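1. here is my input; please provide its structure:
(one chain, ligands or ions: 1)
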Amino acid sequence: MSEQLNIDEVNELDFISFVSRFGNVVESCPIVAAAVCQMRPFRSRDAMFEEICATIDGMSKERKYSYDLNGVRQGILMCHPDLAGKLACRGELTADSTAEQSRAGLLNLTAEEFRRLTTFNDEYKRKFGFPFVICVGENKKAAIFEGIERRLKNSAAEELHTGVEQVKRIINLRLNNLVSQSKSSRL
Ligand SMILES: NC(=O)N[C@H]1NC(=O)NC1=O
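-> Reported below is the predicted structural model:
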């Protein structure tokens, strides 16, 4: 895990270093970091977080949930790995997702828990066309199971909104690991 920078150090990073450090703040969507990099300097960590959220809010509906790029499904929600899904089983989650899913107890489920979550995930993707996304840093296992079962009953429009809001909560926690709550001493 990279060490925390203060906001003045963030503002001084070159483009490659910025995207390298913040490229997975939005899971597997480095394009957001590349876009936000151009909006520097940031007055504070919170101002940086607001810019990331505004960048996502300004995206088209397709860019938010799912679109095809050269035969690969992309999109803010589409790029999130299933909870305890195939990537987790193969040990191929990103470091961020591995830490988050592990801390929430999702990487050592009982056989029955794994079966239930897999069934829910598959049903959710069949209904909405993108994966179930929840900030597992703020929801323990019981809340995650309750959340997916409850949200399965929602409309696609509700889940597009809720999914993106959960992505923002994931971003907020990831940013805490990377940028201190400092305010710029120069702006
Ligand atoms: N599907 C899903 O919510 N995945 C993400 N949630 C989170 O907090 N970390 C993840 O990997």
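2. show me what from the protein comes close to the ligand.
-> Taking CB under 6 Å from any ligand atom, the part of the chain that reaches the ligand is made up of 80-83, 97, 100-101, 131-137, 170. (Glycine included, C-beta is placed from N, CA and C.)
3. tell me the helices and strands packed up against the lengthiest helix in the chain.
-> Ranked by residue count, the top helix of the chain under DSSP state H comes out as helix 156-178. In terms of contacts (3 or more CB pairs under 8 Å, 6 or more residues apart in numbering; DSSP states H and E), helix 156-178 is packed against helix 45-57, helix 61-65, helix 95-103, helix 111-128, helix 141-151.
4. pull out the buried positions in that helix.
-> Buried residues in helix 156-178, defined by neighbour count with 16 or more other CB atoms under 10 Å: 159-160, 162-164, 166-172, 174-175, 178.
5. ditto for stretch 49-68
-> For stretch 49-68, the neighbour count (16+ other CB under 10 Å) marks 49, 51-53, 55-56, 59, 63-66 as buried.
6. could those be laid out in CSV, adding pLDDT?
-> Shown next, in CSV, are the buried residues of stretch 49-68 (pLDDT from 0 to 100):
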residue, pLDDT
49, 98
51, 97
52, 98
53, 98
55, 97
56, 96
59, 94
63, 89
64, 89
65, 88
66, 81
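7. among the residues of the chain next to the ligand, which ones are in helices?
-> Secondary structure from DSSP H places 97, 100-101, 170 of these in helices.
8. what's the farthest-apart pair in these?
-> 101 and 170 (11.3 Å; CB to CB).
9. now the angle between helix 141-151 and the longest helix of the chain, please.
-> Per axes from the mean of the first three to the mean of the last three CA atoms, to 10 degrees, the angle that helix 156-178 makes with helix 141-151 is 150 degrees.
10. contact partners of stretch 18-34?
-> 2, 5, 10, 13, 15, 36-37, 40, 52, 55-56, 74, 76, 79-81, 94-97, 167, 170-171, 174-175, 178 (CB atoms under 8 Å, 6 or more residues apart in numbering).
11. the closest residue to the ligand within the chain and residue 24, how far apart?
-> As assessed by CB to the nearest ligand atom, the ligand sits closest to residue 97 within the chain, at 3.2 Å. Counting by CB to CB, to the nearest Å, the gap from residue 97 to residue 24 is 9 Å.
12. overlap of the contact sets of the two?
-> With CB under 8 Å, 6+ apart, residue 97 and residue 24 have no common neighbours.
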